[in-house]
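K.L.:
All I have is the shape, not the residue letters:
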């Protein structure tokens, strides 16, 4: 059952808080990008891996066909850190469900198109996540070079 979207923010404070949410270049994104860059990897930022699919990955390794998504704990329903909203709880609960369904659909579409997907939670240590990303890129590159021989 669809919950009606609120016509407006429940208060001026909520409105101000929601307007302050950034679509990109958040502190966790910048920390992850910096850690990945420090490992010598180069990537594209906030691009669509598949131009026809209206989904943007946070880091895209075009040649390796690896899309990395940095998921916020609130927005994507982190099992460890997601908190339930006290205001408009039904709306936000459904919103998180829809976000998770969209994430699964995105993963499926990209996988079907030959892409590898990595999802990193915002609470993860950026340096450790960067090492995992680097390992994945290296693994893909090794497989690609083995196929070309």
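P.N.:
Okay, I see it. Note that the coordinates shown come from a computational prediction; the quantities given were computed from them, not determined experimentally.
K.L.:
Could you list the low-confidence segments of this protein?
P.N.:
Within the chain, the stretches with pLDDT under 70 are 1-23, 149.
K.L.:
hey, where'd the helices end up in it?
P.N.:
12-20, 27-38, 89-112, 126-148 (DSSP state H).
K.L.:
Next, the residues that contact the second one from outside, please.
P.N.:
Applying C-beta atoms under 8 Å, 6 or more residues apart in numbering, the external contacts of helix 27-38 come out as 43, 45, 58-59, 68, 70, 72, 120, 122, 126-127, 129-130, 133-134. C-beta here means a position set from N, CA and C on the backbone, and glycine is covered the same way.
K.L.:
run the last query once more with 6 Å
P.N.:
Residues outside helix 27-38 that contact it (C-beta atoms under 6 Å, 6 or more residues apart in numbering): 58, 70, 122, 126-127, 129-130, 133.
K.L.:
Pick the most deeply packed of the helices of the chain.
P.N.:
The highest mean neighbour count among these, using mean count of other C-beta atoms under 10 Å, belongs to helix 27-38: a mean of 17.
K.L.:
how close does the residue nearest to residue 141 when sequence neighbours are not counted get to residue 110?
P.N.:
Leaving aside its sequence neighbours, residue 141 sits nearest to residue 64 (C-beta to C-beta, 6 or more residues apart in numbering; 6.1 Å). In this view, residue 64 and residue 110 are 13 Å apart by C-beta to C-beta, to the nearest Å.
K.L.:
Please determine how far the residue nearest the centre of the chain is located from residue 138.
P.N.:
Nearest residue to the geometric centre of the chain (C-alpha atoms, centre = their mean): residue 69, 2.7 Å. Residue 69 is 20 Å from residue 138, where distance means C-beta to C-beta.
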